[in-house]
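*Asks:* Would you be able to build a 3D model of this:
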Amino acid sequence: MNHKSMNEHEKIRELLPLAAAGALDAAEESRLAAHLRICPDCAAALSSWQEIQSDLRRIPTPQASASLVARTILLAQNRLIEESDRRAERRIIAVVLVFSWIFVAVSWPLAQFLGHGWMALVGSGFKAGWENFAIFTALCWVAGAAAAILLAARKQREKRMA
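*Replies:* Numbering: from 1, shown residues only. Below you'll find the model as predicted:
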């Protein structure tokens, strides 16, 4: 055999277990059939693989109990629901986050304008006003973070009780 036909022979040998399992497509089956007509070694190897496949089919397959299947399905459904809830919570948090940024960014200058007029925004107290805005924003974020932590802890307690 030359190198090219040896390479083809090795490729065919790799197909033999798949052929025994009935997992070849039509092109591979015709290629295998053509090779088997000229190669008795591969024909014998295919016969051996078919015997192994036949023996494997006779081995009993363990079946899970109905209660195990039901528990597994319930567990999978619960995990899917939890993941869906987490995605919805993330979307809500993102919307609330954007809303809070907009609210804080708009409310401070508006409060300064309503309380002190235009001069509070552009006058001599401008720098102090924006420093107060930064402090106000930081305090809002700390309060929001504390609320989120408390809500998450409460949800975890409710989950453990359920």
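*Asks:* check which helix or strand covers residue 137.
*Replies:* Secondary structure from DSSP states H and E places residue 137 in helix 126-161.
*Asks:* Mind giving me the packing neighbours of that helix?
*Replies:* Applying 3 or more Cβ pairs under 8 Å, 6 or more residues apart in numbering; DSSP states H and E, one finds that helix 126-161 makes contact with helix 66-116, helix 118-122. The way it works is simple: take the backbone N, C-alpha and C, and place the C-beta from them, glycine included.
*Asks:* Mind telling me which of these the model trusts least?
*Replies:* Mean pLDDT values for the helices and strands packed on helix 126-161 show the minimum at helix 118-122, a mean of 59.
*Asks:* before we move on, the earlier item: now do the helix holding residue 137 and helix 66-116, the angle between them.
*Replies:* Angle between the axes of helix 126-161 and helix 66-116 is 160 degrees (criterion: axes from the mean of the first three to the mean of the last three Cα atoms, to 10 degrees).
*Asks:* Pick the most deeply packed of the helices and strands packed on helix 126-161.
*Replies:* Mean neighbour count, computed with mean count of other Cβ atoms under 10 Å, is highest for helix 118-122 among the helices and strands packed on helix 126-161, reaching a mean of 13.
*Asks:* if we can go back for a sec, in a markdown table: the helices and strands packed on helix 126-161, plus distance to residue 49.
*Replies:* Shown next, in a markdown table, are the helices and strands packed on helix 126-161 (distance: least, Cβ to Cβ, whole Å):
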| stretch | distance to residue 49 |
| --- | --- |
| helix 66-116 | 33 |
| helix 118-122 | 84 |
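*Asks:* care to break this structure down by domain?
*Replies:* Listed domain ranges for the chain are 3-58, 66-161 (source: automatic domain parsing).
*Asks:* Of the helices and strands packed on helix 126-161, which is nearest residue 159?
*Replies:* Residue 159 sits nearest to helix 66-116 of all the helices and strands packed on helix 126-161, at 9.2 Å, using Cβ to Cβ.
*Asks:* Could you give the number of residues near residue 157?
*Replies:* For residue 157, the neighbour count with other Cβ atoms under 10 Å is 10.
*Asks:* Actually, residue 12.
*Replies:* By other Cβ under 10 Å, 20 other residues sit near residue 12.
*Asks:* Remind me which helix or strand it belongs to.
*Replies:* Remark: residue 12 resides in helix 3-20, with elements defined by DSSP H and E.
*Asks:* Can you give me the buried ones in that helix?
*Replies:* Going by neighbour count (16 or more other Cβ atoms under 10 Å), the buried part of helix 3-20 is 12, 15, 16, 17, 19, 20.
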